[in-house]
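K.L.:
no letters, just coordinates:
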Ligand SMILES: [Zn+2]
Ligand SMILES: [Zn+2]
């Protein structure tokens, strides 16, 4: 197979784009897709301070790497979840990246905050992954706003977005569907959030990480029950294999046709937490309650 | 023969010559869910492996 751009031997075949690329041309294609996503949705500009949520995994480190290569002003935010070995490995990968690229990394340590994930798991009966998500969102917003960032970028790729959309449609989770978008504007005292990798697939980010020799965590979180989404991703890839282009059509069709007619009013958080000032539905926000405030 | 190591765990052997596409089919993978690596390069599914070789297959799905 030859590269469609330069006719060298291809290393990557992208059926959805009816294309094959050599290493250099693939990296060019990948950066182009990310730049296109950023521009199309006015995610941010070179003048903005971008905070990248980095977990130490392939997607978030890929995002940080490509934003830096494209010349954006991107710092990292790592949240140490306090899950023993797993969090330590993740922290070392993220710190190593920041050191090599000479970029700023902000770290929040949930052990110091008194709400490490193993700790809160024992304290409440809520599913641990939803608690972890809530705590991470809280610090993404708090750190982003207090440190003066214009926007928070996360490493969700097309497969993450499409499998989530598929799941939300299968179960008609209207409140989650309303929140599904490559851009969530800054509102209700929350930071603007963007997903610059939404046009590239899990395969694309893996190939990018391989070519760029990124050192990332490739073990699963011991608490993760992420199997459902992987099952959806596999089924969606089967469909994509038979009908190339289906995934991006499904996602962009949703953004264009359904999302604009979904209203988003009853969801607004009217109060602010009396302890920390975070937007909340009640007097005290969820994270302050986990810290023991009543 | 080509030795195929999947996700640093399982090892399979196939008679050569054989195409990458054929190996993926035999192992039940779609080309979009794995990286096929040989000597620090990625292989597309049309590549035919000849002689004694070693290749590595890495699943692309995040481990959550
Ligand atoms: Zn090329
Ligand atoms: Zn609070």
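P.N.:
Arrived safely, thanks for sending. Keep in mind that what you see is a predicted model, and the values were worked out from it rather than measured. Ligands and ions are numbered 1, 2, ... in the order given.

K.L.:
chain B: helices as residue ranges?
P.N.:
For chain B, helices defined by DSSP state H occupy the ranges B:20-27.

K.L.:
need the residues of chain A near chain B, please.
P.N.:
Neighbours of chain B within chain A, by CB under 8 Å from any CB of the partner chain: A:1, A:10-13, A:15, A:20, A:23, A:57-59, A:159-160, A:201-203, A:205-207, A:210, A:218-221, A:224, A:226, A:229-230, A:233-234, A:237-238, A:240-241. C-beta coordinates here come from the backbone N, C-alpha and C atoms, glycine included.

K.L.:
neighbours of the nearest residue to residue B:29 once chain neighbours are set aside, how many?
P.N.:
What sits nearest to residue B:29 in space, not counting adjacent residues and going by CB to CB, 6 or more residues apart in numbering or on different chains, is residue B:57, at 7.0 Å. Counted with other CB atoms under 10 Å in any protein chain shown, the neighbours of residue B:57 add up to 22.

K.L.:
tell me what residue B:57 is bridged to.
P.N.:
residue B:6, residue B:36 (DSSP bridges).

K.L.:
quick one, strands of the chain?
P.N.:
No chain was given, so I picked chain A. Assigned by DSSP state E, chain A shows strands spanning A:12-14, A:19-21, A:49-53, A:73-80, A:105-109, A:151-153, A:183-184, A:192-194, A:271-272, A:279-280.

K.L.:
that answer is for a different chain, and I need it for chain B
P.N.:
In chain B, the segments counted as strands under DSSP E are B:2-6, B:10-14, B:18-19, B:34-38, B:41-42, B:48-49, B:53-59.

K.L.:
which residues touch stretch A:181-192?
P.N.:
Residues lying outside stretch A:181-192 but in contact with it, judged by CB atoms under 8 Å, 6 or more residues apart in numbering or on different chains, are A:37, A:41-43, A:51, A:140-141, A:144-145, A:149-152, A:161, A:193-196, A:198, A:255, A:259, A:268-269, A:272, A:278-279.

K.L.:
endpoints of it, how far apart?
P.N.:
In stretch A:181-192, first residue to last residue: 12 Å (CA to CA, to the nearest Å).

K.L.:
now that stretch: buried residues?
P.N.:
Buried residues in stretch A:181-192, counted by 16 or more other CB atoms under 10 Å in any protein chain shown: A:181, A:182, A:183, A:184, A:190, A:191, A:192.

K.L.:
for the fifth one, grab phi and psi.
P.N.:
When read as degrees, to the nearest 10, the backbone of residue A:190 gives phi -110, psi 150.

K.L.:
how near is it to ligand 2?
P.N.:
With distances defined as CB to the ion, to the nearest Å, the gap from residue A:190 to ligand 2 amounts to 13 Å.
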